[in-house]
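A.B. asks: What would the 3D arrangement of this be:
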Amino acid sequence: MKMILDVDTGIDDALAIAYALGSEEAQLIGVTCCFGNVTVDKAVQNTLRVLRLFGAGEIPVDAGAPEMFTGKEFVPNEVCKRVHGLNGIGEIELPEADKGAEEKDAAAFMAEMAQKYGKELVIVATAAMTNLARFIRQYPEEAAKVGRISVMGGAVTVPGNV
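C.D. replies: As a prediction, this is how the structure comes out:
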């Protein structure tokens, strides 16, 4: 199967990237970034650095919108800062990435891959569902072609994921 990870790369998503790269059943074909543990820009930088660390710097990374559907820009809350550190990855300093994010928007990348791979494509979303929702809204025909979508749900009004 072909996999896209949709992440807000903090500590948990760095591990998800490592697991995806090590999987014998999945081929990580791209990573899309959303806000959540950190801002979109920080998620992109963390993702690029983690991919480089694991020798997978050629995998494309695409950024999503930096704001919520309300138009309000996302600001990480204090719990995220405490759990993931100010840089999102536990204050570990990784070397700079060799390249930046792709020019394509996250939703457009998902649509392109859905068109290309159809039912073979799995999207795993571990961040806010903004990129996924934009993909489904903007590209309903391509979204219907995706083989599977898996999401990690979290808790909004209580501490931690349940």
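
A.B. asks: Could you pull out the strands in the chain for me?
C.D. replies: Ranges of strands within the chain are 2-7, 27-33, 61-63, 121-125, 148-151, based on DSSP state E.

A.B. asks: now, of those strands, which is deepest in the fold?
C.D. replies: strand 2-7 (a mean of 26; mean count of other Cβ atoms under 10 Å). All C-beta spots, glycine's among them, are computed from the backbone N, C-alpha and C.

A.B. asks: Which helix in the protein has the most residues?
C.D. replies: helix 40-53 (DSSP state H).

A.B. asks: can you give me the angle that helix makes with strand 27-33?
C.D. replies: 150 degrees (axes from the mean of the first three to the mean of the last three Cα atoms, to 10 degrees).

A.B. asks: buried ones in helix 40-53?
C.D. replies: Buried residues in helix 40-53, defined by neighbour count with 16 or more other Cβ atoms under 10 Å: 40, 42-53.

A.B. asks: biggest separation within those, which pair?
C.D. replies: Spanning the widest gap among the buried residues of helix 40-53 are 40 and 53, at 20.3 Å by Cβ to Cβ.

A.B. asks: lowest confidence element among the helices and strands of the protein?
C.D. replies: The least trusted helix or strand in the chain, going by mean pLDDT, DSSP states H and E, turns out to be helix 78-84, with a mean of 67.

A.B. asks: quick revisit: as JSON lines, the buried residues of helix 40-53 with pLDDT and distance to residue 25 would be great.
C.D. replies: Formatted as JSON lines, those follow (pLDDT from 0 to 100; distance: Cβ to Cβ, whole Å):
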{"residue": "40", "pLDDT": "90", "distance to residue 25": "29"}
{"residue": "42", "pLDDT": "92", "distance to residue 25": "30"}
{"residue": "43", "pLDDT": "93", "distance to residue 25": "25"}
{"residue": "44", "pLDDT": "96", "distance to residue 25": "26"}
{"residue": "45", "pLDDT": "95", "distance to residue 25": "29"}
{"residue": "46", "pLDDT": "95", "distance to residue 25": "25"}
{"residue": "47", "pLDDT": "96", "distance to residue 25": "21"}
{"residue": "48", "pLDDT": "97", "distance to residue 25": "25"}
{"residue": "49", "pLDDT": "95", "distance to residue 25": "25"}
{"residue": "50", "pLDDT": "96", "distance to residue 25": "20"}
{"residue": "51", "pLDDT": "97", "distance to residue 25": "19"}
{"residue": "52", "pLDDT": "96", "distance to residue 25": "24"}
{"residue": "53", "pLDDT": "95", "distance to residue 25": "22"}
